[in-house]
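Q: With the input below, show me the fold.
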Amino acid sequence: MASEAAARFGAEQPLRPTVVGPHVRTAIEAGVHVVVGSSGLTAEDYAALDALARERGVGVIAAGNFSVMAAVLSRAAALAAEHLDHWEIIDYASATKPDVPSGTARELAESLGAVRAPEQGVAEADLIGPPEARGADVAGGRVHSVRLPSFVVSTEVVFGGDGERLTLRHDAGATPDPYTAGTLLAVRRVGGTVGVRRGLDSLLFDR
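A: Take a look at the predicted model:
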């Protein structure tokens, strides 16, 4: 994990989203394979890390969420995006979570954006009122981050069509149990990887 790499190379900063990138880069430059489970890295960050990892011949497996159920949601949403034109993502987390959107929601938005961008009902320039009310633009889609007590991590993608909706949602509890199997899978597979692989679904479904 990135935190293990930080400890190995003597990093004194607490592991926060803003310092994950430098820790991962340090590990790659030292020839160490890395499993990343933190929020805070963008598609552009991962593209740069991918180039460095391929140059050094090491692997990075990065997932915003190591839950197998969350990975199944991502896969199902990507299949839906091939056929449906409109969708938005809602990201729920605790009131104290500082990063927005969560790594799970960002990864999902970027995964769907790689399929295609959703159609927009009203262009941002034509909105009446604060455009922030429409959420953040991530990979061409809208992501809304809700931060309230009682949530841990929940991710919802809503597809809308004429007279119908399809909602896919994953809810995680407060224990680490949902993430154990996926994390172990990533640790076992990272040694045979060169470059960056994003999303647990890329391992489960060999994307």
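
Q: so what's the residue nearest the centre of the chain closest to, chain neighbours aside?
A: The chain has E107 as the residue nearest its centroid, 2.6 Å off, counting by Cα atoms, centre = their mean. Nearest-residue entry for E107: G64, 3.8 Å, with adjacent residues in sequence omitted and distances by Cβ to Cβ, 6 or more residues apart in numbering. Using the backbone N, CA and C atoms, a C-beta is placed for each residue, glycine as well.

Q: Pull the number of nearby residues for that neighbour.
A: Residues within reach of G64, counting by other Cβ atoms under 10 Å, total 27.

Q: Assign a three-state SS to it, would you?
A: With DSSP: H, G, I helix; E, B strand; the rest coil as the basis, the three-state label of G64 is coil.

Q: That one is in contact with D99, isn't it?
A: No: under the criterion of Cβ atoms under 8 Å, G64 is not in contact with D99, lying 10.5 Å apart.

Q: rewinding a little: contacts only, for the residue nearest to the centre of the chain.
A: 63-65, 74, 198-199 (Cβ atoms under 8 Å, 6 or more residues apart in numbering).

Q: Tell me, what's the model's pLDDT at it?
A: According to the predicted model, the pLDDT of E107 comes to 92.

Q: The one 10 residues further on too?
A: At A117 the predicted local confidence, pLDDT, stands at 95.

Q: what's the closest non-adjacent residue to it?
A: Counting by Cβ to Cβ, 6+ apart, A117 lies nearest to G140, which is 3.3 Å off, once chain neighbours are set aside.

Q: Compute the number of surrounding residues for that neighbour.
A: When neighbours are defined as other Cβ under 10 Å, G140 has 14 of them.

Q: what's the answer for S111, then?
A: 22.

Q: what's the answer for V34, then?
A: Burial of V34 is recorded as 26 neighbouring residues (other Cβ under 10 Å).

Q: what are the ranges of the helices in the chain?
A: When assigned using DSSP state H, the helices of the chain occupy the ranges 2-8, 17-29, 43-56, 68-81, 103-115, 180-190, 201-204.

Q: Next, the buried residues of the second one.
A: Taking 16 or more other Cβ atoms under 10 Å as the basis for neighbour counts, the residues of helix 17-29 that come out buried are 19-21, 23-28.

Q: Ok, stretch 73-87 next?
A: Of the residues in stretch 73-87, those buried (16+ other Cβ under 10 Å) are 73-75, 77-78, 80-81, 84, 87.

Q: just stretch 114-128 next, same as before
A: Neighbour-count burial for stretch 114-128, with 16+ other Cβ under 10 Å as criterion, is recorded at 118, 120.

Q: Contacts made by it with the rest, please.
A: Here stretch 114-128 makes contact (Cβ under 8 Å, 6+ apart) with 78, 81-82, 85-88, 112, 131, 133-134, 139-142.

Q: can you rerun that using 10 Å?
A: The set of residues external to stretch 114-128 that reach it, using Cβ atoms under 10 Å, 6 or more residues apart in numbering, is 43, 77-89, 109, 112, 131, 133-134, 137, 139-142, 159-160, 198.
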